[in-house]
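Undergrad: build me a model from this:
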Amino acid sequence: MKKKEIIQIAIFLIIGILLINTLMPFYTGSEQFMIVLSGSMVPLFLPGDIVITKSVDPNELNVGDVITFQVPGGKPGTFVTHRIISIGKFYSSTGEIRSFHTKGDANNVVDDFKVPAINVVGKLAFVIPFLGLLIDAFRTSKIFFILMVMLPSSIIVLDEIRNMMIYNNPRRARKLEREQKKIAKKTYYKLEWSKLTQIILVSGLIFSGIVAFNLGDNGHIVLKSENKIDNSGFLPMVYTIKPDNPELMLDIYPWYGVLTPFNETKVNEYEVSAPDGVVAPSTYTQFNEIVVTAPENTPAEISTVPYILPVFWIVELAEINPYLPAVAEILIYTSAFTLFLLPLWCKKKVRGRHKKKIGLKRTLALWKKTLNLR
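TA: Next comes the predicted model:
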């Protein structure tokens, strides 16, 4: 077996293992995906996004976790994804049962019910932006169905009919197969490493500059009772604040959010006074600057990055390290731009098509000979 074939088999095996590992939880039911219909959790995820929930032991849930649950007494099959703001217990004939009081991040009041542990479907694991809009269009739009399903299917069927007509003659089929094998053996892809390196360096520098220019404060800070955060860049900015003590997260308000770009002619100012119980604004609004309230002298880590990735991704990365969202944005956009320019650094070649280079003098001599010039 050739080295090239071994590498191809190894790549296919790795891809297969990754696909099985990704899809198996959905098949077994340990993970589920749902389309977001309302804006109660904006900006963490938006209407039209897909949320993926992972089954979890209710006894392992904590205040601040985002869970998907069935509303007590609600319509079967109707699910809500909100954040836990407090945990309690109640007693039933089966014994002590955990219950969760929840609230949407963008809602002005807490939910008027408590969620028993048995109603919890899972914990929020991931968000895929805008995919729900595509799925919804596929379900409801006839034009979308024709363009995305019927048209490609028709092309595939017509191509198969053409192949059947071509390969109907055994002699012609064998001849075509031999020609295709010859072409396949001669065809290869050549990576132009110098161009690839240049593209990566240039695009990396460009996106690094964009991200760096729109960064705010990042790193470890000590929060006061009122903390002003503003956006002086030209892109919307996401900020997240993670206290060293996770139990204080909901005491910081708002601990994450989106700020619009700075505008010298008109700057919107917004101050938050969080009463007991922390009440959020009734509608989600973006502002150039905000005053975040917190317990005095609370040590925390702050992360501020341009809003060019989904907020959920940024929040999750910031929990690992406050600088990680900025690094991820640079890497993702540099990689995407490099792949977009794939034809520039990865070219298809065919062996045996190299033209002989003829020198200038030799070319002139041939011209003279052709024209009978002395």
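Undergrad: every contact and neighbour count from this point should use C-alpha atoms.
TA: OK.
Undergrad: got the domain ranges for this structure?
TA: 31-134, 210-337 (automatic domain parsing).
Undergrad: lowest average confidence across those domains, which one?
TA: Lowest mean pLDDT of the domains of the chain: domain 210-337, a mean of 86.
Undergrad: compute the first-to-last residue distance for it.
TA: 14 Å (CA to CA, to the nearest Å).
Undergrad: so where do the strands sit in the stretch 101-250 of the chain?
TA: 114-116, 120-128, 187-191, 219-223, 226-230, 237-243 (DSSP state E, counting those that start in this stretch).
Undergrad: after the last one, which helix or strand is next? Please name it.
TA: Looking back up the chat, that one is strand 237-243. As assigned by DSSP states H and E, the chain's next helix or strand after strand 237-243 is strand 256-259.
Undergrad: can I have that following strand written out in PDB, keeping just the CAs?
TA: In PDB, the C-alpha atoms belonging to strand 256-259 read as follows (Å, rounded to 0.1, in the frame of the first residue of the first chain):
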ATOM      1  CA  TYR A 256     -22.000  40.400  30.500                       C
ATOM      2  CA  GLY A 257     -23.400  42.500  27.700                       C
ATOM      3  CA  VAL A 258     -22.900  44.200  24.300                       C
ATOM      4  CA  LEU A 259     -21.800  47.800  23.800                       C
END
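Undergrad: and the next helix or strand past it?
TA: strand 289-293.
Undergrad: that next one: how far from the chain's middle?
TA: Centroid separation for strand 289-293 versus its chain: 28 Å, with CA atoms, centre = their mean, to the nearest Å.
Undergrad: just checking, what packs against that strand?
TA: strand 226-230 (3 or more CA pairs under 8 Å, 6 or more residues apart in numbering; DSSP states H and E).
Undergrad: dump the strand it packs on to PDB, restricted to CA.
TA: Below are the C-alpha coordinates for strand 226-230, written out as PDB (Å, rounded to 0.1, in the frame of the first residue of the first chain):
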ATOM      1  CA  GLU A 226     -20.000  51.000  40.500                       C
ATOM      2  CA  ASN A 227     -17.700  50.200  37.500                       C
ATOM      3  CA  LYS A 228     -17.900  52.000  34.200                       C
ATOM      4  CA  ILE A 229     -17.200  50.000  31.000                       C
ATOM      5  CA  ASP A 230     -17.200  51.800  27.600                       C
END
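Undergrad: okay, angle between that strand and strand 237-243 too, please.
TA: Strand 226-230 and strand 237-243 are oriented at 150 degrees to each other (axes from the mean of the first three to the mean of the last three CA atoms, to 10 degrees).
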